[in-house]
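Student: Would you be able to build a 3D model of this:
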Amino acid sequence: MKIVKNHFTVHKFGGSSVADAERLKAVKQILSGEKEIIVVSATKGTTSTLQNCLDLARGGYEYSHDLQVLEERHIKLINTLIKRNAQTLIKNMSKDFEFIRDILNTVKTVRSYATEIQNFVLGFGEIWSAKILNAYLNLNGNSEYLDASSILYSYIEHGVVCIDWEKSYKELVEFVKDKEFDQLVVTGFIAKTMDGRRTILGRNGSDYSGAIFAKLFKAKCLYIWTDVDGIYTAHPQKVKSAFVIEQLSYKEAHELAYFGASVLYPMTVLPVESENIPLYIKNSFNPSAKGTYISNKTIKTPYMIKGITYVSDIALINVEGAGLAGVAGAAARIFKILKDINVTVILISQANSEHSICFAVNNKMADLAVSTLQERLHLEISGKRIVKITSDPNCSIVAAVGEEMIGTVGAAGKVCDSLTKANVNIRALAQGSSERNISIVISNNDVNKALQALHAGFYLSDKTLSIGLIGPGGVGKTLLKQIASELEGLKAKYQLNLSIKGIMSSQKMLLSNSRIDLDKWESGLKKSTAASDISKFVEHIVSDDVPNAVIIDCTASVDVSKRYLDFAKKGISIITPNKYANGESKLSYYKELKAAVRDNKCQYLYEATVCAGLPVITTIGDLIKTGDEITAIEGIVSGTLSYIFNELAAGRKFSEAIKEAKQLGYTEPDPREDLSGRDIGRKLICLAREIGHDVSINEIEIINLVPANLRKCSLDEFMSRVSECDDAMQKMVEKANKNNEKLRYVASIKENKTLSVSIVPCKQDHPFNRLRGTDNMLIIHSKRYCGNQPIIIQGPGAGAEVTAAGIFADLLRLAASI
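Tutor: Predicted structure coming up:
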């Protein structure tokens, strides 16, 4: 037989694909039976067991049981699959095991083994699996067996396993010249040294073997069969929304493999790329899946990147000093030192000032690298030309890969922006001149967040918010209903996934690792046996799977508002209509909370604290951001009091208006909560602090509408005696009527920075007199909007629907920012 270009298809099967008899039967089903080269790994766990036996023997421990189990497993495999000549195969394999026992006995005696011995022993697994598969295929086919160590010459150069292609090809031609076969089963992983001793090709060497034989046979294509559906856009266990990449270029595949894509070994790409042999990554457990196709073609996709991968266990070494700046050959000297001690540099980054050079190495080489650099550069260190050489061992490298980044403006910016929004600190960044890979060094603790953020940031998956809602009462329940109605639309239009992962009432909490079904949350909460625990609740919402978390507080609880600072320090965003943190807390707490939000790069949104869903806080914020100065604010910011004073203006008694407002559900259960003016005072403090006034609620002049003698009695007594409020209020109404005015309960921030909540008579043409029902109105005076042309914001100021809508709007603002 001659080797003819494009004649053979090469298949490589990994350990899980040949793990047992059922898997080997599946392999046969996958194969066509014609023109096939089949490279196999050892059965799953075999190589690890052999290594473990070597280590046990070296330590003087008993290894016999492990080796016996391994032998019995292979004998069982033969007896299950092979119907004829099984005993011959078993006999030969038993000789191998006896030989291994002799080696292990020697190792146990001398308590040591050489690398050559290790390589020799570890290579048996592939020999056994290849012989068993060959015998199985020969039951009704025409198959040959090839021990790769008989023809494949390898050597080590700069720590890398290399193939002597010319010698190996000559040996292969010699092997096949007098043979005729439809299938050839080849041992993966093993080869021979240039002087003829059996050796191995290193980690993932079986994949490399597949590519080597694809090149030697000038194959039509190479299939690598594994236990996943292909190469994913990110590690599927870390990014749940990751999906299989259908097509990659050789360059893209190599970049992904180099930085940790576990499905593909980096060296595998090079032999097939050199001969332009297409490569398929397929799943032997799901052979009908399309898999990943790798070729010399660059396939355009809607995405700027093809995939995100990472490598952990990295140390970032920093060499810093003024003596590096402008000195020719300084960097070359550093890397020459590292080359001399065989330390591979994975990533290099240098500031333009040349004051420092940082580079990433494998963690296990970090101490050697630092100590050697300190030793060899001791003159520079003693002369202060180099200030320090430090190492951070707790690092990982995350890489974004894709041909579409080449020549695309903003690719690196997108990477940095996505990570910033996920609160991930970038320690170092590098992009090669090819522009198809942007690599960043980050803390090990941030890997999951970074993968999620980049995957969503480049639109490979939906942008996900992990949401915990506290207080599923009237407003909270309405908010959940509003979110449920918009979920699918937000996902389809904006790739936004609002994932409610927890709902907590005052007594129970409902937690879920996936998004809670918002059609069934009430029954789920009712059935839940988990008692409310805010610490556990928050811990659940903050997930490695989702880089952005938010707590929505729909309560009026002081205790919950006191936890906002803890939330912010954990990087959790907060959305709330609860006024206590902004309007009731000490000024020091408010400032500390604002600082924590800023320092931890999360957000604190509270539009619904004033005037429910009206755009008050955002309007004030926009004015200030654009350089305007707010000089005064006056407003009717209570829907309850707006209704009561509207009824007064229509001729109703004060007591009647209060009773009707309570009956309509406009008041708190105890109307005195509204009538005291304290809640309006909180809203006023929220506004005052928002425009930069350092004030607290005890500094406001608040007119309490409840007479002193009715403030401490029971609710029932108050409601029975509420008419006692009428006379005083009626006198004020009559006086206003005489002056053609109407009474309003107004919160105001005056130009002299004094704050008050009081009854104010307003002329008939005053904007407040346009109000109807429970409407609120805020009048904002500023340097730009002054005199008779202030900003006026008017609309519903109470009710679950509008308050929930304000919270929902904040949630969407947060989502837009990520």
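Student: shouldn't residue 15 be in contact with residue 45?
Tutor: Yes. Counting by C-beta atoms under 8 Å, residue 45 is a contact partner of residue 15 at 7.3 Å. To be clear about C-beta, it is placed using only N, CA and C from the backbone, and glycine gets the same treatment.
Student: who's more crowded, those two?
Tutor: Applying other C-beta atoms under 10 Å to residue 15 and residue 45 shows that residue 15 carries more neighbours, namely 24 against 15.
Student: so which strand or helix has the most centrally placed residue in the chain?
Tutor: The centroid of the chain falls nearest to residue 452 when counting by C-alpha atoms, centre = their mean (2.5 Å). Per DSSP states H and E, residue 452 falls inside helix 447-457.
Student: Okay, now the unreliable bits of the stretch 451-600 of the chain?
Tutor: Filtered on pLDDT under 70, the stretch 451-600 of the chain yields the residue ranges 459-461, 544-545.
Student: Assign the nearest residue to residue 739 once chain neighbours are set aside to helix, strand or coil.
Tutor: Among residues not flanking residue 739 along the chain, residue 761 sits closest, at 6.6 Å (C-beta to C-beta, 6 or more residues apart in numbering). Classification of residue 761 using DSSP: H, G, I helix; E, B strand; the rest coil returns strand.
Student: unless I'm mixing things up, the residue nearest to the centre of the chain is touching residue 422, no?
Tutor: Yes. Applying C-beta under 8 Å, one finds residue 452 in contact with residue 422, separated by 7.1 Å.
Student: Scan this structure for its longest helix.
Tutor: helix 86-110 (DSSP state H).
Student: And the strands in the stretch 101-250 of the chain?
Tutor: For the stretch 101-250 of the chain, the strands defined by DSSP state E, counting those that start in this stretch cover 143-146, 154-157, 160-163, 183-187, 190-192, 198-200, 221-226, 247-249.
Student: Compare those strands and report which one is nearest to residue 818.
Tutor: strand 247-249 (28.2 Å; C-beta to C-beta).
Student: Give me the phi and psi for residue 289.
Tutor: When quoted as degrees, to the nearest 10, the phi and psi of residue 289 stand at phi -60, psi 140.
Student: Quick check: nearest residue in space to it, chain neighbours excluded?
Tutor: Using C-beta to C-beta, 6+ apart, the closest residue to residue 289 is residue 229 (4.4 Å).
Student: And for residue 248?
Tutor: Nearest residue to residue 248, sequence neighbours excluded (C-beta to C-beta, 6+ apart): residue 294, at 4.9 Å.
Student: Could you double-check that the one you found sits in contact with residue 282?
Tutor: No. The pair residue 294 / residue 282 is not scored as a contact, 11.5 Å apart, by C-beta under 8 Å.
Student: Comparing those two, which residue is more hemmed in?
Tutor: Taking neighbours as other C-beta under 10 Å, residue 294 and residue 282 compare with residue 294 leading, 32 against 23.
Student: picking up where we left off before, count of neighbours near the residue nearest to residue 739?
Tutor: Residue 761, neighbours per other C-beta under 10 Å, totals 17.
Student: contacting residues for residue 619?
Tutor: Neighbouring residues of residue 619 by C-beta atoms under 8 Å, 6 or more residues apart in numbering: 780, 791, 793.
Student: Assign a three-state SS to the first one, would you?
Tutor: Looking back up the chat, that one is residue 780. Applying three-state DSSP: residue 780 is strand.
Student: Is residue 52 in contact with residue 69, as I believe?
Tutor: No. Shown here, residue 52 and residue 69 do not form a contact pair, counting by C-beta under 8 Å, at 11.2 Å.
Student: for this structure, which spans come out with low pLDDT?
Tutor: 260-261, 323-328, 351-354, 433, 459-461, 544-545.
Student: Any idea what the closest residue in space to residue 164 that isn't next to it in sequence is bridged to?
Tutor: In space, and not counting its chain neighbours, residue 164 is closest to residue 153: 4.0 Å by C-beta to C-beta, 6+ apart. Note on residue 153: beta-bridge partners by DSSP bridges are residue 192.
Student: any idea how far residue 166 is from residue 153?
Tutor: 9 Å (C-beta to C-beta, to the nearest Å).
Student: ok, those two, which is more surrounded?
Tutor: residue 153 (22 against 9).
Student: quick one, what contacts the more buried one?
Tutor: Counted by C-beta under 8 Å, 6+ apart, residue 153 has contacts 163, 164, 167, 168, 171, 191, 192, 193, 194.
Student: Show the buried residues in those residues.
Tutor: Those of those that meet the buried threshold are 163, 168, 171, 191, 192, by 16 or more other C-beta atoms under 10 Å.
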